[in-house]
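Asks: here is my input; please provide its structure:
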Amino acid sequence: MLLNPLRHLTGARSADWSGQPDRAMVSPATLEQILAHAHDLAILHGEVAPGGPNQLLRGLRISAQNLVYDSEELADDGRAGRRVPPAAAWLVDNRQLVRSQVLAIRRNFPEAYSRRLPRLQRGSDAGLPRIFIMARDYITF
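Replies: Got it, this is the predicted structure:
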């Protein structure tokens, strides 16, 4: 049976992927559920490797460059009188907010700190810091 690594966070009674409760019925995870989830992740992913380069900061750098370029293109479209979808208009209007958030991430999550975080060695998340998977799972559920 495949372990469901989110069973503690979702309140599912079974250990497999079936029987997930309605998300509207799920209350926030308790400390015990989070610790149990961390234990399940340790079983699923096995040993962790020492830290290494931060793949997410590299991805952030590339994404930020793309956002700057794309928002400039969208702004040009708007100035030229072409229709810009609402989400694109939001991006153009909030470019400074996006830039400030990118800078905050870079400032609050420096490369030196990232190198100290243990990395997963197996699975689709191999190479990512273990805590990122915990945070992603917590936010997702």
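Asks: what's in contact with the top helix by length along the chain?
Replies: In the chain, assigned by DSSP state H, the helix with the most residues is helix 55-79. For helix 55-79, contacts defined as Cβ atoms under 8 Å, 6 or more residues apart in numbering pick out 84, 88-89, 91-92, 95, 98-99, 102, 105-106, 109, 111, 114, 127-128, 132. No exception for glycine: its C-beta is placed from N, CA and C like everyone else's.
Asks: now, of those residues, which are buried?
Replies: Using 16 or more other Cβ atoms under 10 Å as the burial test, those include 84, 88, 91-92, 95, 98, 102, 114, 128, 132 as buried.
Asks: where does the chain have its least confident helix or strand?
Replies: The helix or strand of the chain with the poorest confidence is helix 7-10; it has a mean of 50 (mean pLDDT, DSSP states H and E).
Asks: where does pLDDT dip in this structure?
Replies: 1-27, 141 (pLDDT under 70).
Asks: and the helices in it?
Replies: Under DSSP H, the chain gives helices at 7-10, 31-45, 55-79, 86-93, 95-108, 111-115, 130-140.
Asks: nearest to residue 123, out of those helices?
Replies: helix 31-45 (6.0 Å; Cβ to Cβ).
Asks: quick one: the closest one to helix 130-140, angle?
Replies: 130 degrees (axes from the mean of the first three to the mean of the last three Cα atoms, to 10 degrees).
Asks: endpoints of stretch 103-117, how far apart?
Replies: Chord length of stretch 103-117, first to last residue, is 21 Å (Cα to Cα, to the nearest Å).
Asks: can you check stretch 115-130 too?
Replies: Termini of stretch 115-130 sit 12 Å apart (Cα to Cα).
Asks: all good on my end, thank you.
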